[in-house]
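**Q** could you look at this predicted model? Sequence included:
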Amino acid sequence: MSEAAVVNRRDEVVDAAERILEHEGPDAVTMRRLADELRIQAPSLYKHIAGKTEIEAALQQRALQRLGAVLAGASADLATLVAAYRRWALEHPRLYELSARHSLDRPRLASGVEAAAAAPLLKVTGGNIAAARAIWGLAHGLVDLELANRFPPNADLDAAWAHAINAFAIYCTPQPEGSP
């Protein structure tokens, strides 16, 4: 089997894991369930992927890459950036959870993936890492509560988000066009 075929098959395994994760939840992502989804024998999976730990790391990497791309396209200002973060998390709740609620398997992630995902927020804060971390923590907390349905049914979540963003606006500096 060529190297390209092995890579493609690995991607197919990760694609199947993502489908199962998003539709059935993290407990459903097992080697046996993946084999069933791919219509192969479970032991055959190990030719393409080392095990569940590698699958989870691949899904975390995917989440960071996709979220980073969404944020990079929405980094005009803090409100736009945070709205994109919220929207992505709500559209991909289980992939979001795997990347934001669990420890990252940093040794298995491609170099620079985590930094690239953080770059848009750092840009909006003018490189203020403490402000970026505080804003990310706030956004994560609001998303986490929203995904868990912890707000009352009549809560105006858009107003809560707007208030949160306004509270952090002081830490955000407009960036001249073309600046890093």
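**A** Received, thanks.
**Q** does Ala74 sit in a helix or strand, and which one?
**A** Using DSSP states H and E, Ala74 is not contained in any helix or strand.
**Q** how close does it get to Ala130?
**A** According to Cβ to Cβ, to the nearest Å, Ala74 and Ala130 sit 22 Å apart. Every residue, glycine included, has its C-beta placed from N, CA and C.
**Q** more neighbours: those two, which one.
**A** Ala74 (19 against 9; other Cβ atoms under 10 Å).
**Q** per the record, what domains does the protein have?
**A** When the chain is parsed with automatic domain parsing, its domains come out as 1-49, 61-180.
**Q** among the ones you listed, which is nearest Ile55?
**A** Closest approach to Ile55 among the domains of the chain (Cβ to Cβ): domain 1-49, 4.8 Å.
**Q** quick check: mean pLDDT across that closest one?
**A** Averaged over domain 1-49, pLDDT sits at 87.
**Q** again with stretch 141-153
**A** Taken as a whole, stretch 141-153 has a mean pLDDT of 96.
**Q** contacts for that stretch?
**A** 85-86, 89-90, 93, 96-97, 100-101, 157, 160-161, 164 (Cβ atoms under 8 Å, 6 or more residues apart in numbering).
**Q** just want the most central residue of the protein.
**A** Centroid-nearest residue in the chain: Ala63, 3.5 Å away (criterion: Cα atoms, centre = their mean).
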